[in-house]
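>>> Quick check, what structure comes out for this input:
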Amino acid sequence: MTDTARARKLADRIQVVVAQTLERRIKDPRLGFVTITDARVTGDLREATVFYTVFGDDTEREATAAALESAKGVLRSEVGRQTGVRFTPTLTFVADALPENARNIDDLLDRARAIDAAVRTTAAGATYAGDADPYKVPASERDDEDE
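Okay, here's the model as predicted:
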C-alpha cells in the first residue's frame with residue numbers, strides 16, 4: 001500500500017534540493033534562467049518527475065533541457081544524499097506548459113474583452129425595434145388611458 005503523504009513530502013523535498021543544487025553546484029553555460037515549478041513522485045518512491053520552466057526563447061529551452069539531462073546524475077546523487085531514502089528515485093525532467101497555457105488564457109480574455117467592448121458600443125445607441133411598450137393591453141384599459 002502506498003503512502004501518498006510520504007510521496008508528497010519526498011516530492012517537495014526533491015523540488016527544493018534540485019532547485020538549490022541547480023543554483024549552487026551546476027555551472028553549465030547551457031543552463032538558462034530555469035525555475036523548478038513542481039515535483040511528483042510515484043507511489044513506490046522509485047521515479048520522480050521534476051517540472052521546470054525556462055525564461056527565454058526556444059533555443060534557450062532546448063539548451064536548458066540538454067543541460068538538465070547531462071546534470072541528471074549529479075542531481076540524483078544530491079537528492080539521495082539530502083533525502084536519506086533507501087532507494088534514490090530516478091529523475092525525469094519535463095518542461096512545464098504552465099506559462100504557455102497562462103499566455104493562451106490571457107489572449108482569450110483579451111479577445112473576450114474586445115468583443116464585450118464592441119457589443120457595449122453597439123448597444124449604447126440602440127433603440128427598441130418595436131413600440132416602447134411591446135405588451136398587448138386589453139381594450140378596456142386602453143379606453144381608460146385615452147380619457
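>>> Without its sequence neighbours, what residue ends up closest to Ile36?
Ala19 (4.3 Å; C-beta to C-beta, 6 or more residues apart in numbering). Just so you know, the C-beta spots here come from the backbone N, C-alpha and C atoms, and that holds for glycine as well.
>>> Contacts made by the strand or helix carrying that neighbour with the rest, please.
Using DSSP states H and E, Ala19 sits within helix 4-24. Helix 4-24 has contacts (C-beta atoms under 8 Å, 6 or more residues apart in numbering) with 31, 34-36, 38-43, 45, 48, 50, 71, 74-75, 78-79, 82-83, 85, 89, 91.
>>> what about the helices in the chain?
4-24, 58-70, 72-83, 98-124, 139-146 (DSSP state H).
>>> if we compare these, which one ends up closest to Asp131?
With respect to Asp131, and counting by C-beta to C-beta, the nearest of the helices of the chain is helix 139-146 at 12.9 Å.
>>> what's the closest non-adjacent residue to Glu78?
That would be Thr21: by C-beta to C-beta, 6+ apart, it lies 4.7 Å from Glu78.
>>> And for that neighbour, the neighbour number?
Counted with other C-beta atoms under 10 Å, residues neighbouring Thr21 total 19.
>>> and it, what pLDDT?
What the model reports for Thr21 is a pLDDT of 89.
>>> What distance do you get for it to Val34?
Distance, Thr21 to Val34, using C-beta to C-beta, to the nearest Å: 12 Å.
>>> Okay, now the unreliable bits of this protein?
1-2, 132, 142-147 (pLDDT under 70).
>>> So which residue is dead centre in it?
Leu98 (2.9 Å; C-alpha atoms, centre = their mean).
>>> right, and that one touches Tyr52 too?
No - if you go by C-beta atoms under 8 Å, Leu98 and Tyr52 don't touch, sitting 10.4 Å apart.
>>> what do these two both touch?
Joint contacts of Leu98 and Tyr52 (C-beta under 8 Å, 6+ apart) are Thr37.
>>> if I look at Glu47, how far off is Ala5?
Distance from Glu47 to Ala5, by C-beta to C-beta: 18 Å.
>>> Tell me which of those two has more neighbours.
Glu47 (13 against 8).
>>> can you pull the contacts of Thr42?
Ala7, Ala48, Pro89 are the contacts of Thr42 under C-beta under 8 Å, 6+ apart.
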